[in-house]
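In: Any chance you could fold what I've pasted below:
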Amino acid sequence: MDMLLEGLYVPLTTPFYPEGRLNLRKLEHNVDRYSRTPVAGMAVLAETGEAELLSDSETRDALTVALGAATESKVMVAGISRASVNGTLELADFAATLGYDAVLVRCPTSLKAHQTKEILTFFQTIADRSTLPVLLYSVASAPLAAELVAQLATHPGVIGLVDDDASADRTARILDLTAEVRREVTVTPVFAAVTGRMLAVKEEVGDATFIPAANLGGSAAVAAAVPKPAIKTRSKTVGFQIVASNSQRILSSLRAGASAVMPGFAAAAPQACYEVYAAWKDDDQALADEKQAWIAPAIAKAEVELGVPGIRYGCDLNGYFGGRPRLPLLPVTAGQRNEIERAMAGIRN
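Out: Presented below is the predicted three-dimensional model:
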């Protein structure tokens, strides 16, 4: 089914043990904590999650544990990008089996911007065969041209774009090029997103639908239970949905027409980022400007200057497990930690 994309999304970091092994317990901890915040959903293995540094087996374990720890009302997006169509589709099938709501797919690094035909073929083939809706992923290292996005937006399997540029001009340009695109999405009676897990037959055995990280044996397991009715829903018409992933442009992107935001800084400060979105949503533009200005220095220091290692340390400051990145990325130094602490003073969640 098509998915409503509104609100704030958290691009998860991927926890590792000090020696570099995947730390599934801490991933479970982080997702559980984010689930208690007002975020609309989470993206597993986006750029912030260092997806390219994980093996296929680790990718499957991370996807399994993250979904199992999330509450059913949170929209869950699976980063499944691989260099080949077949590899990407294998992960798309796996994500669908687990119960994800959409898949996030970026252009393979082997394709260059001028190879338009090859790029279109890659994304169209994924969208043709994936049983989950596809979110295009335009990252700084592999940006997608607005005209190419517009071509792909007409595919019934492509529901939107996660855009790392997300400048006001580019956002407005893409929305103008995709103005004819209209989709029907399933929502709650109060027009909130409905996830596949909310529509599924519910279980009468408490909250434990999936095996926790401690008992992971390679795949998710569903508990047997007595069914009860699913929730009531209605439909809503939406256009092509843009999710802005640039932390410095949360407000400008929303004002230009983005329906949702997925800033990297949200992994370290979800509440502070949500307050920017909430003020904009309530049409309190002065407050929205104030909230964006409040977090701007921390974004500049932790994310723009220091990247994923800086975001990870910001997570540590706010009770989420950040820890060390995986090599070849290096952790922040003692001096950089002090700078992040000063920049994030007062930004707590």
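In: residue contacts, the spatially most central residue of the chain?
Out: Residue closest to the average C-alpha location in the chain (C-alpha atoms, centre = their mean): A43, at 2.5 Å. The contact partners of A43, by C-beta atoms under 8 Å, 6 or more residues apart in numbering, come to 9-12, 49, 77-79, 104, 162, 262. Quick note: C-beta positions are derived from backbone N, CA and C, even for glycine.
In: now the strands for the stretch 151-300 of the chain?
Out: With DSSP state E, counting those that start in this stretch as the criterion, the stretch 151-300 of the chain has strands at 158-163, 183-187, 234-238, 241-244, 260-261.
In: For those strands, could you give me a markdown table that also reports mean neighbour count, mean pLDDT and distance to Q336?
Out: Converted to a markdown table, the strands of the stretch 151-300 of the chain look like this (neighbours: other C-beta atoms under 10 Å; pLDDT from 0 to 100; distance: least, C-beta to C-beta, whole Å):
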| stretch | mean neighbour count | mean pLDDT | distance to Q336 |
| --- | --- | --- | --- |
| strand 158-163 | 27 | 98 | 28 |
| strand 183-187 | 18 | 95 | 42 |
| strand 234-238 | 14 | 95 | 41 |
| strand 241-244 | 28 | 98 | 27 |
| strand 260-261 | 26 | 98 | 26 |
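In: low-scoring stretches of the chain, by residue?
Out: Across the chain, residues meeting the criterion (pLDDT under 70) sit at 1, 201-230.
In: and with 50 instead?
Out: Applying pLDDT under 50 to the chain flags the ranges 203-206, 208.
In: pretty sure E72 is touching V194, no?
Out: No: applying C-beta atoms under 8 Å, one finds E72 not in contact with V194, separated by 9.9 Å.
In: More neighbours: which of these two?
Out: Between E72 and V194, counted using other C-beta atoms under 10 Å, the more crowded position is V194 (25 against 19).
In: Pull the contacting residues for that one.
Out: Here V194 is in contact with 4, 186-188, 231, 233 (C-beta under 8 Å, 6+ apart).
In: hey, C-alpha coordinates of the helix or strand hosting L8 in PDB?
Out: Using DSSP states H and E, L8 falls within strand 7-11. Taking C-alpha atoms only, strand 7-11 is exported to PDB below (Å, rounded to 0.1, in the frame of the first residue of the first chain):
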ATOM      1  CA  GLY A   7       6.300  14.600  10.400                       C
ATOM      2  CA  LEU A   8       9.800  13.900  11.600                       C
ATOM      3  CA  TYR A   9      11.700  10.800  10.800                       C
ATOM      4  CA  VAL A  10      14.900   9.600  12.600                       C
ATOM      5  CA  PRO A  11      17.700   8.200  10.500                       C
END
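In: coming back round to it: turn the contacts of V194 into CSV, columns for distance to G99.
Out: As requested, the contacts of V194 are exported to CSV (distance: C-beta to C-beta, whole Å):
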residue, distance to G99
L4, 17
T186, 15
V187, 19
T188, 18
I231, 15
T233, 17
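In: can you tell me which two in those are farthest apart?
Out: Pairwise distances across these peak at 14.2 Å for L4 and I231 (criterion: C-beta to C-beta).
In: Please identify which of those two sits among more neighbours.
Out: More crowded of L4 and I231, by other C-beta under 10 Å: L4, with 25 against 12.
In: Enumerate every residue touching that one.
Out: Per C-beta under 8 Å, 6+ apart, neighbours of L4: 75, 185-187, 191-194, 236, 238, 241.
In: And for G79?
Out: Applying C-beta under 8 Å, 6+ apart to G79 gives the contacts 43-46, 49, 51, 103-104, 137.
In: what is it paired to in the beta sheet?
Out: Applying DSSP bridges to G79 gives these bridge partners: L104.
In: what separates it from N86, distance-wise?
Out: As for G79, its distance to N86 is 17 Å (criterion: C-beta to C-beta, to the nearest Å).
In: Next: A102.
Out: A102 is 20 Å from N86, by C-beta to C-beta.
In: higher neighbour count, those two?
Out: Neighbours per residue (other C-beta under 10 Å) separate A102 from N86, with A102 holding more: 26 against 10.
In: Ramachandran coordinates for the nearest residue to S35 once chain neighbours are set aside?
Out: Excluding the flanking residues, the one nearest S35 by C-beta to C-beta, 6 or more residues apart in numbering is T71, at 4.3 Å. Main-chain torsions, T71, degrees, to the nearest 10: phi -70, psi 150.
In: Same question for A102.
Out: Dihedral angles for A102 - degrees, to the nearest 10 - are phi -160, psi 160.
In: Equivalent analysis for the one 4 residues further on, please.
Out: The main-chain torsion angles of R106 are listed as degrees, to the nearest 10 and equal phi -110, psi 160.
In: Mind telling me what element the closest residue to it other than its chain neighbours is part of?
Out: Closest residue in space to R106, ignoring its immediate chain neighbours: Y137 at 3.9 Å, by C-beta to C-beta, 6+ apart. Assessed by DSSP H and E, Y137 sits inside strand 134-138.
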